[in-house]
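In: Below: sequence and its predicted model.
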Number of protein chains: 4
Amino acid sequence: MVKQSRTGVWFVGVRGSVATTAMAGATAVRLGLAAPVGLVSELPDFAQLPLAGFGELVFGGHDIVATPLAKRVEQLTTSGVVPRDIAAAVLPEVTAVEAEIRDGVHVEDAVPQLQVVARLAADIAGFRERHGLDRVVVINVSSTEPPSAYRPEHDDLTALTKAMETDAYVLPPSSVYAYAAFEAGCAFVDFTPSTGARLPALDELARSRGVPYAGSDGKTGETLMRSALAPMFTTRALRVLSWSGTNLLGGGDGATLADPAAAASKTASKQRGMAKMLGYSAGGDVHIDYVPDLGDWKTAWDHILFEGFLGVRMTMQFTWQGCDSALAAPLVLDLARFTSWAHEQGESGALTALGFFFKDPVGTDEHRLLAQYDTLREWAAR
Amino acid sequence: MVKQSRTGVWFVGVRGSVATTAMAGATAVRLGLAAPVGLVSELPDFAQLPLAGFGELVFGGHDIVATPLAKRVEQLTTSGVVPRDIAAAVLPEVTAVEAEIRDGVHVEDAVPQLQVVARLAADIAGFRERHGLDRVVVINVSSTEPPSAYRPEHDDLTALTKAMETDAYVLPPSSVYAYAAFEAGCAFVDFTPSTGARLPALDELARSRGVPYAGSDGKTGETLMRSALAPMFTTRALRVLSWSGTNLLGGGDGATLADPAAAASKTASKQRGMAKMLGYSAGGDVHIDYVPDLGDWKTAWDHILFEGFLGVRMTMQFTWQGCDSALAAPLVLDLARFTSWAHEQGESGALTALGFFFKDPVGTDEHRLLAQYDTLREWAAR
Amino acid sequence: MVKQSRTGVWFVGVRGSVATTAMAGATAVRLGLAAPVGLVSELPDFAQLPLAGFGELVFGGHDIVATPLAKRVEQLTTSGVVPRDIAAAVLPEVTAVEAEIRDGVHVEDAVPQLQVVARLAADIAGFRERHGLDRVVVINVSSTEPPSAYRPEHDDLTALTKAMETDAYVLPPSSVYAYAAFEAGCAFVDFTPSTGARLPALDELARSRGVPYAGSDGKTGETLMRSALAPMFTTRALRVLSWSGTNLLGGGDGATLADPAAAASKTASKQRGMAKMLGYSAGGDVHIDYVPDLGDWKTAWDHILFEGFLGVRMTMQFTWQGCDSALAAPLVLDLARFTSWAHEQGESGALTALGFFFKDPVGTDEHRLLAQYDTLREWAAR
Amino acid sequence: MVKQSRTGVWFVGVRGSVATTAMAGATAVRLGLAAPVGLVSELPDFAQLPLAGFGELVFGGHDIVATPLAKRVEQLTTSGVVPRDIAAAVLPEVTAVEAEIRDGVHVEDAVPQLQVVARLAADIAGFRERHGLDRVVVINVSSTEPPSAYRPEHDDLTALTKAMETDAYVLPPSSVYAYAAFEAGCAFVDFTPSTGARLPALDELARSRGVPYAGSDGKTGETLMRSALAPMFTTRALRVLSWSGTNLLGGGDGATLADPAAAASKTASKQRGMAKMLGYSAGGDVHIDYVPDLGDWKTAWDHILFEGFLGVRMTMQFTWQGCDSALAAPLVLDLARFTSWAHEQGESGALTALGFFFKDPVGTDEHRLLAQYDTLREWAAR
Ligand SMILES: NC(=O)c1ccc[n+]([C@@H]2O[C@H](COP(=O)([O-])OP(=O)(O)OC[C@H]3O[C@@H](n4cnc5c(N)ncnc54)[C@H](O)[C@@H]3O)[C@@H](O)[C@H]2O)c1
Ligand SMILES: NC(=O)c1ccc[n+]([C@@H]2O[C@H](COP(=O)([O-])OP(=O)(O)OC[C@H]3O[C@@H](n4cnc5c(N)ncnc54)[C@H](O)[C@@H]3O)[C@@H](O)[C@H]2O)c1
Ligand SMILES: NC(=O)c1ccc[n+]([C@@H]2O[C@H](COP(=O)([O-])OP(=O)(O)OC[C@H]3O[C@@H](n4cnc5c(N)ncnc54)[C@H](O)[C@@H]3O)[C@@H](O)[C@H]2O)c1
Ligand SMILES: NC(=O)c1ccc[n+]([C@@H]2O[C@H](COP(=O)([O-])OP(=O)(O)OC[C@H]3O[C@@H](n4cnc5c(N)ncnc54)[C@H](O)[C@@H]3O)[C@@H](O)[C@H]2O)c1
Ligand code: NA
Ligand code: NA
C-alpha cells in the first residue's frame, strides 16, 4: 500500500479545547516531545496501515468566536492539559493555523442555507487547494447543539436541497457543515452528539459524492467505562437491576450541557447504548451537572445494583476522573487518519467500523467496547 | 449429540460455603425456585450443548470437619446468601448428601501419600458405582493452602509415585486429591489457588489416564473487574502507572487468607495476570485484609492512576461489594457441567478453554475476560 | 427528678416502615433482644434524665392504608431491617397496636378542616384515656407531602381557625395533624420535611396550649454526613468550591420522592443547611433518584471540590450505604422520650435543643452536628 | 496586647516540600498574591490575637542535602502545588533564605551528641541575633525517622545529658534538634511522627528553660477525616465494627514511609487515636503504599462497617485526594504563629491547646477534631 500523503484536518469548532489540544498534541508527537499515549492508531495492531504521519496533517477550520489560539493554549496549560514546555515548543505551529480559520455558521443569521453551504464548501476547498492536499477530513468538535426538530425534508435529498434554497433553518448547523463537507468532496466525522450527517438525505448525499462519514459523540468517559463493564455482567449471566450515573463537568462543554435540552440529548444516547449491551432496559437515571471549577476535568460516578445466584443483590461503583480534552484529542487525530484512509480506499457512507470511538455509533447497534475494537482491527487488516 | 446423563460432582471441601451454596442452588434451580442467574452454562450461547441437567447432578465429597450441612445452610441463610424459603425447600436434598461425605486429607497424618491416594480414590470410585454415574468431576473448593516448596519429584511421575510410597509430605493436600481423582479416572477442577494438578508429574498422570483438568482459582471479584477493565486501557493506548487494590474479606476464606503465606499466593496470582494483560508491569500493591464482620461478603477497592495524551494523569477507582459464595457457586456448577462434557468428548490434560472462570488459568496466558469468553464460546461451538 | 411514667407515642403514618421498625425495636430493646445501638437517649450523657423506659411507651396512630402491621413486619424482615428471630418475638406486642390505629386525613375528602381536627384530636385523647397516659407525643412519620402554597391565614391563628370552619384545604394534612395534636394538649414532632407545625398560626396555638413541638425532617444519611464534615472545612479554613450529591433511594419514601415536587422540598432543605454551615453558598446540585430494588436502603454519593493554600484544588468523596428505617427508628424513639420530658418540664413552642436530630431544625440556624450535640447535652443537663 | 514583632521560623528539613511551600506561601500571602485559604490562624475566631504578621516571619533552617531552594520551588510548580506566577514572584525572597541554611544532623556521624547540640544551638542563636528576632520557633518538617529504641536515660535529664557527653546515639536526630532548640531558648514544634521532644528528659529541659513545645505529626488527610467522622458515630450511638484504610502516597514522604518501620510508626499513631475517639478498639487494618507517580498527592480510601438499630450493618466509604504539602504548609505557619505567641505569654512545656493540628497530640487524649477546635478557640480567647 502507498503511504498516505498530506492530509487536511478541518475542525468545526477549531478554537475549542478539543481542537486546540489535538493540534498542539499532533505537533508535540511529531517533534518527539510526547509519546503516542492515547493514540489508538499508533498501536501495533495498526502498524501496517499507511496512515498519514503526524507531520503530514495540515489543520484549519471554522469557528464563531475570535479567541486567539494562543490564548486557548495558555488556558489549556493553566488547567493542566498541555504541559508548559510542550506548549512553548508547539506554539509557533499552532498559531500558524490562525491563517486557516474562517467564520462558521451563526444560528441567528437569516441566510438561505444553500448559500451558507456554498460559502463553507468554498472555505474547505480553498484550504485543500492552497496546501495541495490529497484529502480533507472535516471533524465537528464544536459545542453540542440542542436536539433539533424533525422535518420531512430530512428524509429526501432533493426536497432538502430545494428547501435550503430559501429556508435559513431547515437543518441544524452541524448538518449544514456535513452538507458542505460532502459538497466539497470531503469526509465528515461528528465527534459531538449533534445531528451532523445522521439524516437520510445527507447519507444519500455522501453516497452520491462517494465520501464516507463517521460518528457520533466521542466515547471518552462514563460511556467508555460502561461499554467495557456491561459485557462483564452479561457474560457472567449477572442481572443488572439498576445502573445510575452522575457526571460532574466543567469547561465549555459543561456550560453547554447545563442547558437541559442539550443534556437530554447526551443522556438519551447513553441509555440507548446500555440497553443494547444488556439486552434489556435496566433502571437508573443519568445526571449531567455543571461544576465550573472542574475546568477541563470530568468526574463520573456510577452505581450498579445487580443480582446474582439465588437472587443475592450486590453492587459495584466506579469513579472516573478524566481530563476530557486529553482523552478526546488523540481520538480526533485517530479518526482523521482512519477516515482519510477509508476515503482513499473508496469507502463511502457510514463507516460502521469506527464505532469503537463513539457513544452513538452510526450504522450499528454494537456498543461493547472490545467487540468494537475487534471490528476495527479486522477492518484495518483487510 | 447425546444428552449427558447422570454426572457426579465430588467436592473437596464439601462442607464449605461454596460447596454448600452450589448444592443448595442446583436443587433450587431444578425445582424452579431460582432463576439461572449467575450460571454461564445457561446462557443462549451454550444452549446447543448437551450438558447435564440440574436434576442429573449427584453430589458427594471430602472434608476434614464434621459441621452438619444443615448447619452450614442455616449460616448461609443468616448471612443472606441463601433465601430462607429456598433453604427450607432444598434442605432434604442437601442433607441427603451427608451419606456421601468422607474424611479428607489431614496434613498432620504421617501416612505415606500413596496409601492416602488409594483411600481417596476408593471413596470416589465407590460414589460413582453406588449411583451408577457416567462420570465424576472432582472439584477442589477447600481452604486455600499456603504455597508449597518445590521438590524435584514434582517434575516426574515415576519419581513422584516412588516417593509417595514412603513419604507423607511430598505433595500438598490439593495435589494428593488431584492424584486420587486421576487415579480414579475422574476429571479434576481446582477452584482454589492451591497447587492442585499444576505439576508436570500430575499433568503426565492426567494425560496417561485420559482425563482432563481445569483451574485455577475462581475469578469472582477484584480480578474479574480487572480482567474486564485492563483491556479498556490497552485498546485505548492509555498507560497504567499504578494499579493498587485493597480487599476486605470475612468468612472462612478471609480467616485463611489472613495468614500472610496464603495471601501471598493469591496476591502473586493477581499481579501475574495484570502484567500479562497490560504487556508491562504497572506498580501498585494489593492487600487482603480479614474483616470478620463482613461474613460472606467481600469489598474490593481499586485505584488506577493512568497517563493519557501529553502525559496528563487521570484516575479511576472502583468499589466492588460482592457475595463471594453466591458468585462462586454457579461457576462451580458451570465447571462441573463443562468439564464433564469435555471428558465425555475425550479431552485430556489442561482444559485451556475454561480460562474464563479462573484468576490463574492453566495452560494459557490469556487473562482478558472477553477474549476468554470468546474462546469458551468457540470451544463449545465446535 | 421523678421518673417519667407511661408515655403515649402516636404515629401519623403508623403503618409505615419507620413507625413499624420503631415499635418492633422498642419491644426488642425492652425484652433484652437488642442492644440500645442507635439510641442517642441511651448514651451515658443522658443517663441522669428520668426518661420513659422502653416498657413505658404505649403506641397507636393514624394511617390511611390498611396494610396489617404483621405484613409490614414481614416485609421489614425480608428486606433485612428486622432480624427474623426478633420479629417473631415482638410480633404479639406489635400486632396488639392494631387496636389503637385510626383512619387519618385523606386529601381527597372535602370536609371542613375544623371537623377533621376534632375527629383526630378525639382519637388521640381517647387513646390517652384508655391507657391512662401522662402524656402523648404525636410524631409525624407519614409520607412526605409536596410543598404547600402560602395562605395569609397561616400567619394568624384566629384567621386560620375561622377559615377551617368551612374550608377543606387551608392547611396541608401534616399541619392538620399538628393542629389536632395541640388541640388535644399533646406535643408534636415532625420527622418529615412536610409543613407540620411550622406556621406562625400553629406556633401560636402550641404556645397557647403550653405544648412543645420539634422538627423537622430526620437527619439520617447524606445530611448527617454533611453536618459532620462541613465544619472540618470551615475550621481548617479550606474553601468548598462545589458540593454535589446523588441519592439513590428505594422504599415507599423513594417512590414518594420520585415526585419532583416532593424531592424539591428535600433538596432545598439540604442546601439551606449547607450554606448556613459554610457561611457561603457553594455550588453543586443534589439529586434524589428512585431505585426500587434498593428497598429500605439508601446510597448517597457526595463529591466535594475544595480549595486549599495557594489555590490548590482537592477533592473528597464519600459513599454512604445506610438502611433508612434502621437509622430513623431509634431517633424517633429518642424524640418521643426527649419531647415528653420537655413537655413534663413545662416547655412549650419550638424545641430548638433537639436540632441534632433534624435536617431542617425549627427555631435555629445551627446545622453543625457536634455543635447540635453539645446543645442537646447541655439542655439535658440543666 | 502588644503586636508580636519579628519572629524567626527555623525549619529542620528546610529544603523539603512542606518547608518550601510554607516559605513560598507566606511570601505570597504577604504580597497579596494568595488568599489566606488553609490558614487557621487567619479565621475570624483568632482575629483578636496579636499574632506575627506574614511580613514579620523570618526563615532559616537545617537540612542534610544541598538541593537549592530554587529547584524545590520549580519541582513544586511542576507538580501543581505552587502556581507558576506565584513561584516567579516569591522566588527572590525564598532563595534569600539560602543564606540561613546550616548543615543538620547526619545519623552516620559518630560525634558525641552534646557537641552536636552545641553546634545546632549556635546555628539557631546566630540566626536570632543576625535578624534581631524576639523569638524563634524551631519546627521539625524533616523526613520521618524510624521508631527509636527506649533508653533509660530518656527519662531523666541529668542522666541523658551525661550520656550525651560521650555517646553519639543516645537520642534519635529529631530529639537532638529538640534538645538544641530548648538549649537555645526556643520553642519546638514537631510536625512529624518522630520522637522529637516527647521524652520525659526533654520535657524537663523545656520546662526548666521556660519554653513551650507542640506536636506531633501534622493531621492533614485520612486522620483529619477520621477525627471529623468518628464523633458522628459515637454521638449517634452507632457501633463501628471495622475501620479500614489504604493510603497511596508519592513524594519524598511516600518513599520514606515505604520503609515498613517508618510506616509502622504512622500506622500505630493512627490506631491509637481512633480507639480514643470511639471508646473501644474497632478492627480494621491501615496500609501506607508508595505510588511514586502520585507526586505530592495523597489518596486515602477508608471503609467503615458499622452496626445500627437491631444489629443492621451499614457501610460508609470515603476517598480523600489531597495535596499534602498544600495542606501542611499553612498549618506549619499557623503553628509558628500560635507557638510564638504562647512563648511570649510565658507558657512552657507541652502545648496541649494545639492538639487540633496533630495526629498524635502531646499531653492530651482528645482526638475529636471539633472538640480540639473548641479548645484552641478558648485558649486563644483567654
Ligand atoms: N472532550 C470530550 O471528551 C468529548 C467527548 C465527546 C464529545 N465531545 C464534544 O466535543 C465538542 C467540543 O468540546 P470542547 O470541550 O472542545 O468544547 P469547547 O466549548 O471548548 O469548544 C467548542 C468550540 O465550538 C465553537 N462553536 C460553537 N458553535 C459553533 C458553530 N456553530 N460553528 C463553529 N464553531 C462553533 C465554540 O466557539 C468553541 O470554540 C462538544 O460538542 C463536546 O460535547 C467532547
Ligand atoms: N468464594 C469465592 O468467590 C472464591 C473465589 C476463588 C476461590 N475461592 C476458593 O474456594 C475455596 C472455598 O471457599 P469457601 O468460602 O467455601 O471456604 P470455607 O472455609 O467456607 O470452606 C472450605 C472448606 O474446606 C474444608 N477443608 C479444609 N481443608 C481441607 C482438606 N485438607 N480436605 C478437605 N476439606 C478441607 C474446610 O473444612 C471447609 O469446610 C477457598 O480456597 C477459596 O479461596 C473462592
Ligand atoms: N427513614 C429515614 O431515614 C427518614 C429520614 C427523614 C425523614 N423521613 C420521613 O419519614 C417518613 C416515613 O418514611 P417511611 O420510610 O416510613 O415511609 P413509608 O412509605 O414506609 O410510610 C409512610 C406511611 O405514611 C402513611 N401515610 C401517607 N399519607 C398519610 C396521611 N395523610 N395520614 C396518615 N398516614 C399517611 C402511608 O400510608 C404509610 O403507611 C417520610 O416522610 C420520610 O421522608 C424518613
Ligand atoms: N505533608 C503532610 O501533609 C504531612 C503531614 C504530617 C506529617 N508530615 C511530615 O512532614 C515531614 C516533611 O514532609 P515533606 O513532604 O516536606 O518531606 P520531604 O522529603 O520533601 O522533605 C524532608 C526534608 O527533610 C530533610 N532531612 C532528612 N533528614 C534530615 C535530618 N536528619 N536533618 C535535617 N533535615 C533532614 C530532607 O533532606 C528533606 O529536605 C515528613 O516527616 C512528613 O511525614 C507531613
Ligand atoms: Na443446554
Ligand atoms: Na490577628
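Out: That came through fine. Ligands and ions are numbered 1, 2, ... in the order given.
In: lowest confidence element among the helices and strands of chain A?
Out: helix A:251-257 (a mean of 70; mean pLDDT, DSSP states H and E).
In: quick one: what helix or strand has the closest residue in space to A:Val117 that isn't next to it in sequence in it?
Out: Sequence neighbours aside, A:Ala180 is the residue nearest to A:Val117 in space, at 4.7 Å (criterion: Cβ to Cβ, 6 or more residues apart in numbering or on different chains). Every C-beta, even on glycine, is put in place using the N, C-alpha and C of the backbone. Under the criterion of DSSP states H and E, A:Ala180 resides in helix A:173-183.
In: Okay, now the sheet partners of the helix or strand just after that helix, with direction.
Out: Using DSSP H and E, the next helix or strand after helix A:173-183 towards the C-terminus is strand A:187-190. When sheet partners are counted by DSSP bridges, strand A:187-190 sits next to strand A:135-140 (parallel), strand A:212-215 (parallel).
In: ok, and for the next helix-or-strand element following strand A:187-190, which residues are buried?
Out: Downstream of strand A:187-190, the next assigned helix or strand under DSSP H and E is helix A:200-209. For helix A:200-209, the neighbour count (16 or more other Cβ atoms under 10 Å in any protein chain shown) marks A:Ala201, A:Leu202, A:Asp203, A:Glu204, A:Leu205, A:Ala206, A:Arg207 as buried.
In: quick one: which of those residues is nearest to ligand 2?
Out: Closest approach between the buried residues of helix A:200-209 and ligand 2, by Cβ to the nearest ligand atom: A:Asp203, at 49.3 Å.
In: Could you tell me how many residues sit around the residue lying closest to that closest one once chain neighbours are set aside?
Out: Leaving aside its sequence neighbours, A:Asp203 sits nearest to A:Gly349 (Cβ to Cβ, 6+ apart; 6.2 Å). Neighbourhood size, A:Gly349 [other Cβ atoms under 10 Å in any protein chain shown]: 17.
In: Could you pull up the residues touching A:Gly349?
Out: A:Asp203, A:Ala206, A:Arg207, A:Pro212, A:Tyr213, A:Gly363 (Cβ atoms under 8 Å, 6 or more residues apart in numbering or on different chains).
In: Dump these into CSV; add pLDDT and distance to ligand 1 as well.
Out: Shown next, in CSV, are those (pLDDT from 0 to 100; distance: Cβ to the nearest ligand atom, whole Å):
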residue, pLDDT, distance to ligand 1
A:Asp203, 98, 21
A:Ala206, 98, 20
A:Arg207, 98, 25
A:Pro212, 98, 20
A:Tyr213, 98, 16
A:Gly363, 94, 19
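In: for these, which one is nearest chain C?
Out: Closest approach to chain C among the contacts of A:Gly349 (Cβ to the nearest Cβ): A:Gly363, at 32.9 Å.
In: looking at it, the closest one is touching A:Glu347, isn't it?
Out: No - applying Cβ atoms under 8 Å as the test, A:Gly363 and A:Glu347 come out as separate, 11.8 Å apart.
In: returning to that earlier point: quick one, which of the strands paired with strand A:187-190 is packed in tightest?
Out: strand A:212-215 (a mean of 30; mean count of other Cβ atoms under 10 Å in any protein chain shown).
In: rewinding a little: anything in the least confident helix or strand of chain A near chain B?
Out: No - using Cβ under 8 Å from any Cβ of the partner chain, helix A:251-257 stays clear of chain B, with a minimum separation of 14.0 Å.
In: So which elements touch the helix or strand just after that helix?
Out: With elements assigned by DSSP H and E, the helix or strand that comes after helix A:251-257 is helix A:260-278. Packing contacts for helix A:260-278, counted by 3 or more Cβ pairs under 8 Å, 6 or more residues apart in numbering or on different chains; DSSP states H and E, involve helix A:222-235, strand A:239-249, helix A:251-257, strand A:286-290.
In: Direction included, what does the helix or strand that the last one is followed by pair against?
Out: If I follow you right, that is strand A:286-290. Heading C-terminal from strand A:286-290, the first helix or strand you meet, by DSSP H and E, is strand A:297-307. Here strand A:297-307 has these sheet partners by DSSP bridges: strand A:239-249 (antiparallel), strand A:313-323 (antiparallel).
In: so what's A:Arg130 up against?
Out: A:Glu100.
In: Ok, A:His367 next?
Out: A:Ser227, A:Ala230, A:Gly273, A:Met274, A:Lys276, A:Met277, A:Gly355, A:Pro361.
In: Would you reformat these as a markdown table and include pLDDT and neighbour count?
Out: A markdown table is the format used below for the contacts of A:His367 (pLDDT from 0 to 100; neighbours: other Cβ atoms under 10 Å in any protein chain shown):
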| residue | pLDDT | neighbour count |
| --- | --- | --- |
| A:Ser227 | 97 | 25 |
| A:Ala230 | 98 | 25 |
| A:Gly273 | 86 | 24 |
| A:Met274 | 92 | 21 |
| A:Lys276 | 94 | 16 |
| A:Met277 | 96 | 22 |
| A:Gly355 | 98 | 28 |
| A:Pro361 | 96 | 25 |
